[in-house]
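> when you get a sec, could you give me coordinates for this:
(one chain, ligands or ions: 1)
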Amino acid sequence: MFSYRHAFHAGSHADILKHLTLIHLVEYLQEKPGALTIVDTHAGAGIYSLKDGFAAVSKEAEGGIVRLLEFIKQGKPISEGIQRYLEIVQTENTGDQLDAYPGSPFILARLLRPQDRLKLFELHPKEIDILRHNIGELKQAKQIDIYAEDSFTRLKGLLPPPSRRGLVLIDPSYEDKQDYRYLEEAMEEALQRFATGCYAIWYPTLSRRESAALPDRMKKIAVNHKRSWLHAELRVENAPGERRLQSSGMFIINPPWTLEKHLAEALPILSKALGIDGGAQFLLKSFEA
Ligand code: SAM
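Predicted coordinates for the structure are as follows:
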């Protein structure tokens with residue numbers, strides 16, 4: 001526990017899939033004027049330097065955001081959703097430079113309207129201090145609560161939100177194998193309390209049994225609660241062994257009707273831009289309850 005630092009993975013292909021999806025969910029939910037409560041159950045540090053620290057050591061952004069920007073420089077067309085995602089990443093940078101990569105807390109904070117609220121959970125003793133410092137610098141800080149607590153057990157206490165309009169991002173590190181079980185328990189409780197919320201779950205596609213079973217477990221929970229779902233995966237590589245993450249997925253419960261089209265446009269482009277062997281591929285499936 002606590003060896004995971006998201007800075008190592010900032011701007012990776014997995015962050016691109018997650019953040020591109022997240023932005024669409026927020027902007028769809030904001031089409032209505034009612035207040036939106038957003039919960040980010042696994043926040044990380046908020047924003048990451050790509051020029052020094054862990055991100056500069058791992059260089060995962062080179063297989064992600066840097067590669068995507070190079071693809072665009074070659075004049076290749078991209079979808080509106082990818083364009084919007086890049087605009088938001090660029091908000092944290094000057095000109096065309098890519099010095100910083102925003103994590104989900106910064107992406108979400110920048111999108112808040114005055115009536116919206118953001119709740120961030122982070123357990124890591126160092127990350128929580130960095131997160132508090134980073135969020136404190138933002139003009140939206142007053143709309144944001146930060147909890148140094150275990151979100152798997154505390155999420156239910158925030159549901160349903162007072163406005164009954166809510167988005168929950170669940171992005172565990174899965175460093176602890178128990179996270180798979182905690183996720184299922186948290187989703188059961190969350191749907192019992194707030195069945196109409198939109199839930200976005202990120203997961204790594206690994207050969208580990210718990211990881212391979214995750215999408216089917218989530219489908220079962222959604223269908224038992226008579227909820228619609230959408231399942232997307234992006235694989236950038238299909239090499240033997242799992243030395244680095246080659247594929248990840250998003251599982252959305254109560255997805256907006258627009259999300260499938262958004263991802264159907266973006267995923268073929270991302271697999272072309274980020275794929276590093278013939279094994280690049282994507283998956284997109286949905287079910288309407
Ligand atoms: N959501 C972030 C983003 O997209 O920028 C990345 C988050 S990272 C994958 C997962 C984070 O969750 C880590 O910083 C870890 O310390 C934290 N964490 C792990 N278990 C937790 C728990 N039970 N409750 C809250 N935070 C937890």
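
> unless I'm mixing things up, residue 238 is touching residue 279, no?
Yes. In this structure, residue 238 is within contact of residue 279 by C-beta atoms under 8 Å, at 2.3 Å. C-beta coordinates here come from the backbone N, C-alpha and C atoms, glycine included.

> once you drop chain neighbours, what's closest to the residue of the stretch 51-200 of the chain found nearest the ligand?
In the stretch 51-200 of the chain, the residue that lies nearest the ligand is residue 103 (2.6 Å; C-beta to the nearest ligand atom). Counting by C-beta to C-beta, 6 or more residues apart in numbering, residue 103 lies nearest to residue 44, which is 4.8 Å off, once chain neighbours are set aside.

> tell me, how many residues neighbour residue 130?
18 (other C-beta atoms under 10 Å).

> is it true that it touches residue 46?
Yes. Under the criterion of C-beta under 8 Å, residue 130 makes contact with residue 46 at 7.0 Å.

> which ones are touching residue 56?
Taking C-beta atoms under 8 Å, 6 or more residues apart in numbering, we find residue 56 in contact with 49-50.

> quick one: the helix or strand containing it near the ligand?
Assigned by DSSP states H and E, residue 56 belongs to helix 53-58. No. On the criterion C-beta under 6 Å from any ligand atom, helix 53-58 is out of touch with the ligand, staying 11.7 Å away.

> one more: stretch 59-67?
No. Stretch 59-67 stays clear of the ligand (C-beta under 6 Å from any ligand atom), getting no nearer than 12.3 Å.

> how about the CA coordinates for that stretch, as CSV?
Extracted C-alpha coordinates of stretch 59-67, given in CSV (Å, rounded to 0.1, in the frame of the first residue of the first chain):
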residue,chain,number,x,y,z
LYS,A,59,8.2,8.9,-19.6
GLU,A,60,4.7,7.3,-19.9
ALA,A,61,3.4,10.6,-21.4
GLU,A,62,5.6,9.9,-24.4
GLY,A,63,3.4,6.9,-25.2
GLY,A,64,0.3,9.0,-24.5
ILE,A,65,-0.3,12.7,-24.8
VAL,A,66,3.1,13.4,-26.5
ARG,A,67,2.4,10.8,-29.1
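
> that one: which residues count as buried?
Buried residues in stretch 59-67, counting neighbours by 16 or more other C-beta atoms under 10 Å, are found at 60-61, 63-67.

> buried set for the helix or strand of the chain with the lowest mean pLDDT?
For the chain, the helix or strand with the lowest mean confidence is helix 53-58, at a mean of 81 (criterion: mean pLDDT, DSSP states H and E). Counting neighbours by 16+ other C-beta under 10 Å, one finds that the buried residues in helix 53-58 are 54-55, 58.

> quick check, nearest of those to residue 148?
residue 54 (20.7 Å; C-beta to C-beta).

> ok, the closest one touching residue 3?
No. Using C-beta under 8 Å, residue 54 is not in contact with residue 3; the gap is 11.6 Å.

> before we move on, back to that, got any residues that touch both of residue 130 and residue 46?
Common neighbours of residue 130 and residue 46 (criterion: C-beta under 8 Å, 6+ apart): none identified.

> packing partners of the helix or strand encompassing residue 230?
Using DSSP H and E, residue 230 sits within strand 229-235. Contacts defined by 3 or more C-beta pairs under 8 Å, 6 or more residues apart in numbering; DSSP states H and E place strand 229-235 against helix 13-29, helix 209-224, strand 247-253, helix 259-274, strand 281-287.
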